[in-house]
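*Asks:* Predicted model, plus sequence, below.
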Amino acid sequence: MKLPFLGHGVGLRVPHYERALAGALEVDWVEVVTENFFGGGGRPRAVLERLRRDLPLVFHGVSLGIGSPGAPDPAYLAQLRALADQYEPAWLSDHLCWTTLGAHVSHDLLPLPYTEEALRHVSANVSRAQDALGRPLLLENVSSYVAFAASQLTEWEFLSALAERTGCLILLDLNNILVSAHNHGFSPQQYLEGIRADRVQQLHLANHADLGTHKFDDHRGPVPSVVWELYEEAWRRFGPVSSLVEWDEQLGSWEALCVEQREASARAERLTRDGSEPPASPSRRSAGRRLSSAPRRSAPSGSREGQGASPLSGTLSLGETQELFFCAITWPTGVRDFLQSSGESTRLTFERVLLGSPGFDRVSRLEVYADAYFYRLLAALGEVFPRLALLIGPVEFHNLITDYVLACPSTSPDLRRLGLRLPEFLREASLAQRWPLLYEVALFERALDRALDCPDGALVSEQDLARIPVEYWPELRFTFAPATQRLALRWELPRVEQLCRSGQAALALELPPGQEPRGLWIGRRGHVPYYHCPDAAEDAALSQLWQGATLGDACAEGERAVPGLEPAQLVVALRRWLADGMLAGVSAAGVPAAVGCT
């Protein structure tokens, strides 16, 4: 079974969301990172709504972890299915990898050993996932930097056998093939020849970096010539297959991305005109092969390991291999220190499980994953807490985040949720003992981030209130929009913000606190989070409403906070609350439904 041919698309990233909302993408189709849309509303969901109307859409996940120990997370699958049912993507894809150990989420695409045990495990998980989602999955080959001594199949044989057993389809990332081919010493052309042609549904095109010892998949910059050459070979072998350009690091303009997309389209059109045809029948050379008779994948050139025709005795189970791998890459001071801190048996097991090569040994290969793990988390938290990072500087922020992820590892597939416990962690850290302001800054930034994509809903407008006779107003009670939050803070965050923007973060750290906490209100106007520091009367009245008091009691509290307050000032404040989208519902006991209460 093949899904429709979509043409040639581009991976849509956050900096180009506004262009998507304006309906100005001008490509055949787009792919979005699924987990970026798990929040219930805000700009991300508005983007999906617009994309659904404008052009074909594909969901590309990074956290399914189809090869992780145990079965796929039912809550994740339920959330993904609900999202897919609502926005109807052309298909769903993820990666042939594992991502979690227990509840600990790595947010990386970790490689699998290609063994009979792994194939049984992944096949069972693919079947579970497809049943739960009600759709076939596309699985993508990942770039890899380590190889396992126990592997019995090549990656293309494993992926083809998986597709045969489960009915899943293949997202073939040509850049990843080239990266892994260089790192492990196989031929990209052999990969294309060995993959099940009838299961290939989509191609990825991207760039990579050559770091000397290895190639690294960084998706930075335009598609290089070597990937374009492999793209043409793939087109000749597979025929028309939907292609997509990925560009993540140092993201170019949308126009630059479209240049790459048009290049993919032009090359495909030329090959079609030239009469390039795929093989008459799909390749099944690996689909039915029994693993017990499959040749063992050769080790990288120069390796002393993996030369025999059968696995070493005492090979670890898949779960044991994954546990060793995960412990090594999450060790706070790196893989070498992990091994030095471990017993002799662990070091011998490490050498037995992983393959190395001259100039790029086992430890160096695994350090690629260790570095990626910590720096990905650091970057994600830097995006959510930019003011905090600016106030304490890059070294202190790096050390804080290292300590934090060790104490509070990620447990959510949504990377933006990683910082949910950071303010409380920071409050007990020595940094906050020195500068207590930092705790309040972290609370503030967490609240802004929460407002970004929390659920949408109907809001109360001035017109809604105008339909309610004024005599009922003192008894009105309001509910608040999900994005609305109140923080009680001692420091003047607007002043802190001003100093940070003017390059005077050091002065911000020395600001004195106020004598009493003041209310700072956070919400979302349209798609944009905002904050508001009301005066004492407005904060007192709004706080009463927040606690469920009537409008009459809230106004009385405002007048007590500021004696002699003019009622007109609270009317102005009420209009601002409505304009800012703070209020989601209004009701009053005894008010007839006909007068407009909700």
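*Replies:* Perfect, I can see it now. Bear in mind that the values here come from a model prediction, so they are computed numbers and not experimental data.

*Asks:* average model confidence for stretch 573-591?
*Replies:* Confidence over stretch 573-591, taken as the mean pLDDT, stands at 89.

*Asks:* who's in contact with it?
*Replies:* The contact list for stretch 573-591 (CB atoms under 8 Å, 6 or more residues apart in numbering) reads 457-462, 464-465, 468, 472, 475-484, 521, 523-526, 530, 532, 534, 537-538, 541-542, 550, 597-598. Every residue, glycine included, has its C-beta placed from N, CA and C.

*Asks:* If we go by neighbour counts, what in that stretch is buried?
*Replies:* 573-574, 577-578, 580-586, 588, 591 (16 or more other CB atoms under 10 Å).

*Asks:* Domain boundaries for this structure, per the record?
*Replies:* Domain assignment for the chain by automatic domain parsing gives 8-293, 457-595.

*Asks:* which of these sits most buried?
*Replies:* Neighbour counts (mean count of other CB atoms under 10 Å) averaged over each of the domains of the chain peak at domain 8-293, with a mean of 19.

*Asks:* Return the distance of it from the chain's centre.
*Replies:* Centroid separation for domain 8-293 versus its chain: 15 Å, with CA atoms, centre = their mean, to the nearest Å.

*Asks:* wait, isn't residue 534 in contact with residue 521?
*Replies:* Yes. Judged on CB atoms under 8 Å, residue 534 makes contact with residue 521 at a distance of 6.7 Å.

*Asks:* what residues are shared contacts of these two?
*Replies:* Residues touching both residue 534 and residue 521 (CB under 8 Å, 6+ apart) are residue 542.

*Asks:* still on that earlier bit, with distance to residue 438 added, can I get the domains of the chain in JSON lines?
*Replies:* Shown next, in JSON lines, are these (distance: least, CB to CB, whole Å):
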{"stretch": "domain 8-293", "distance to residue 438": "25"}
{"stretch": "domain 457-595", "distance to residue 438": "8"}
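
*Asks:* Of those domains, which is nearest residue 437?
*Replies:* Nearest of the domains of the chain to residue 437, taken as CB to CB: domain 457-595 at 5.1 Å.

*Asks:* Quick check: residue 57 touching residue 84?
*Replies:* No. The pair residue 57 and residue 84 does not pass the contact test of CB under 8 Å, sitting 10.1 Å apart.

*Asks:* Spit out the contact partners of residue 543.
*Replies:* 486, 519, 557.

*Asks:* can I get these in TSV with pLDDT, distance to residue 339 and secondary structure?
*Replies:* TSV is the format used below for the contacts of residue 543 (pLDDT from 0 to 100; distance: CB to CB, whole Å; DSSP: H, G, I helix; E, B strand; the rest coil):
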residue	pLDDT	distance to residue 339	secondary structure
486	97	50	strand
519	95	52	strand
557	94	63	helix
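
*Asks:* hang on, residue 449 packs against residue 419?
*Replies:* Yes. Taking contacts as CB under 8 Å, residue 449 lies within contact range of residue 419: 7.3 Å.

*Asks:* got any residues that touch both of those two?
*Replies:* Taking CB under 8 Å, 6+ apart as the criterion, residue 449 and residue 419 both touch residue 384.
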